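*Asks:* quick check, what structure comes out for this input:
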Amino acid sequence: GEFTLDFKKAPAPTPPTTSAPTSAPTPETPIPITSAPTLPSGSKGAALDCPSELTQVTSLNDGALTLFTEVVVSPTSDSESILCARLEYDSEAWVGFGISPTGMMYGANFVLANAGYDSVQKYNSTLDVTKQGPFAPMEDDHQTLMNTKVTQEDGKTVVSFSKYLKEEGENNILAEGENTFLWAVGSSNAPGYHAARGEFTLDFTATAPAPPDCPSELTQVTPLNNGALTLYTEVVVSPTSDSESILCVRLESDSESWVGFGISPTGLMFGANSILGLPEYGSVMKFNSTLDVTKQGPFAPMEDDHQTLMNTKVTQEDGKTVVSFSKYLKEEGENNILAEGENTFLWAVGSSNAPGYHAARGEFTLDLKASSPAPTPPITSVPTTEAPTFTTSAPT
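*Replies:* Presented below is the predicted three-dimensional model:
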């Protein structure tokens with residue numbers, strides 16, 4: 001059957017399409033089922049966790065099949081967002097869930113669960129039904145489902161899994177917007193043609209999980225620049241996902257000027273990711289270092305989709321500058337920060353609020369779980385030629 005769905009309303013699906021051909025073909029060999037694969041190493045970051053309750057409920061197959069779903073959006077990378085799904089069927093049989101932008105079975109990607117093999121795996125539909133049935137298992141490097149489980153009890157089948165919304169070479173799932181899905185159930189656990197199937201659309205109105213809050217007091221204190229700059233830090237580890245853990249920072253400088261904090265695994269400015277507190281613009285933003293100083297100074301602002309700092313604030317009073325922000329420890333395309341272990345950071349201060357070359361800078365290492373280090377002495381820049389101006393326009 002086919003039906004439309006408003007996220008806030010339960011759908012009224014059309015009756016299921018029951019396959020009862022007069023001479024229904026049967027596959028000469030069963031659908032191949034292999035043992036559950038492991039997630040390929042290095043394919044994604046740490047997977048997000050599914051919530052204990054999946055709040056979107058979709059009734060299918062005249063109420064005999066119920067789909068529970070929840071999208072969990074990664075705060076750092078679209079490629080790590082996941083769909084959490086549970087299917088409950090009022091019979092003991094194999095159960096299938098398909099992603100099909102066209103609404104057709106051919107070209108769809110399926111998740112098939114078979115309690116007889118204790119298997120929940122990904123399949124592609126195929127037209128070559130005489131050889132292997134209507135489905136062919138995906139290659140091992142595409143068997144990336146997580147949290148898979150299939151159980152049968154009291155005449156019912158329950159299937160659970162989670163999957164990434166976007167996977168190379170597969171049909172994508174939209175976190176926002178209309179998706180077209182398929183469902184199918186068998187007449188038993190034996191792999192073969194469906195007893196009933198249907199098509200439906202679903203819009204997930206997912207929101208990114210709220211990041212953890214910074215504590216009112218940042219307990220790790222690091223003096224820099226011969227004591228003229230003080231760094232206060234605290235790591236807040238997310239209980240649900242490494243990708244949501246954050247670093248809370250406050251920098252207090254004994255002068256009125258711009259202040260910078262950099263993440264640099266090499267200890268060099270080039271290749272570092274920097275956070276600049278710019279009192280002249282009232283902004284705290286992320287920048288990349290650049291060698292093209294003649295055009296825009298030593299820093300170039302990151303693209304908008306990387307401007308993910310939280311709790312930003314820059315103030316000046318009584319000749320002092322205070323910059324505050326929090327940022328995710330791990331962000332795609334940026335240098336990571338270790339919650340435990342040695343990090344190499346940079347600091348810099350200007351001679352005034354006007355963006356330009358630093359008056360002093362330095363490098364230091366910091367284990368965010370250890371006591372504050374003794375930083376290296378500051379490096380004071382004394383250029384022999386006229387320093388180019390920082391011409392980046394004020395952020396809007």
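*Asks:* list the contacts for residue 183?
*Replies:* Contacts for residue 183 were tallied using C-beta atoms under 8 Å, 6 or more residues apart in numbering; they are 60-61, 65, 67, 87, 96-98, 197-198, 200. Any C-beta I mention is one placed from the backbone N, CA and C, and that applies to glycine too.
*Asks:* and it, what helix or strand is that in?
*Replies:* strand 178-185 (DSSP states H and E).
*Asks:* on that earlier part again, closest to residue 314 out of the contacts of residue 183?
*Replies:* residue 67 (47.9 Å; C-beta to C-beta).
*Asks:* helix, strand, or coil at the residue lying closest to the closest one once chain neighbours are set aside?
*Replies:* Nearest non-adjacent residue to residue 67, counting by C-beta to C-beta, 6 or more residues apart in numbering: residue 58, 4.3 Å away. Following DSSP: H, G, I helix; E, B strand; the rest coil, the label given to residue 58 is strand.
*Asks:* quick one: buried residues of the strand holding residue 183?
*Replies:* The neighbour-count check on strand 178-185 (16 or more other C-beta atoms under 10 Å) flags 179-185 as buried.
*Asks:* centre of the chain to the helix or strand following that strand, how far?
*Replies:* Downstream of strand 178-185, the first helix or strand assigned by DSSP H and E is strand 196-203. In terms of C-alpha atoms, centre = their mean, to the nearest Å, the centre of strand 196-203 is found 26 Å from the chain centre.
*Asks:* got the CA positions of strand 196-203 in CSV?
*Replies:* Taking C-alpha atoms only, strand 196-203 is exported to CSV below (Å, rounded to 0.1, in the frame of the first residue of the first chain):
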residue,chain,number,x,y,z
ALA,A,196,2.4,-8.3,1.4
ARG,A,197,4.2,-5.1,0.5
GLY,A,198,3.6,-1.4,0.3
GLU,A,199,5.0,2.1,-0.3
PHE,A,200,4.8,5.2,1.9
THR,A,201,6.3,8.6,2.4
LEU,A,202,7.7,10.0,5.6
ASP,A,203,9.1,13.4,6.7
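*Asks:* all the helices of this structure, in order from the start?
*Replies:* 129-132, 293-296 (DSSP state H).
*Asks:* average pLDDT across the last one?
*Replies:* It refers to helix 293-296. In this model, helix 293-296 has a mean pLDDT of 46.
*Asks:* what does the pLDDT read for the spatially most central residue of the chain?
*Replies:* By C-alpha atoms, centre = their mean, the chain has its centre lying nearest to residue 74, at 2.8 Å. Note for residue 74: predicted pLDDT of 85.
*Asks:* how near is the nearest residue to it once chain neighbours are set aside to residue 49?
*Replies:* Of all residues not flanking residue 74 in the chain, residue 80 sits nearest, at 3.9 Å (C-beta to C-beta, 6+ apart). Distance, residue 80 to residue 49, using C-beta to C-beta, to the nearest Å: 12 Å.
*Asks:* who's more crowded, these two?
*Replies:* residue 80 (22 against 18; other C-beta atoms under 10 Å).
*Asks:* contacts only, for the residue nearest to the centre of the chain.
*Replies:* Contacts of residue 74 by C-beta under 8 Å, 6+ apart are 48, 80-82, 208, 243.
*Asks:* run the last query once more with 7 Å
*Replies:* Residue 74 makes contacts with 48, 80-81, 243, as judged by C-beta atoms under 7 Å, 6 or more residues apart in numbering.
*Asks:* what distance separates stretch 321-337 from the centre of its chain?
*Replies:* Per C-alpha atoms, centre = their mean, the centroid offset for stretch 321-337 relative to its chain is 16 Å.
*Asks:* quick one: contacts of that stretch?
*Replies:* 45, 75-77, 214, 242-243, 245-253, 255-257, 259, 263-265, 273, 275, 277, 279, 284, 306, 308-315, 339, 343.
*Asks:* model confidence over that stretch, on average?
*Replies:* 94.
*Asks:* measure that stretch end to end?
*Replies:* 25 Å (C-alpha to C-alpha, to the nearest Å).
*Asks:* stretch 305-315: which residues count as buried?
*Replies:* Buried residues in stretch 305-315 (16+ other C-beta under 10 Å): 306, 309, 311-312, 314.
*Asks:* count of neighbours near residue 147?
*Replies:* Neighbours around residue 147, by other C-beta under 10 Å: 16.
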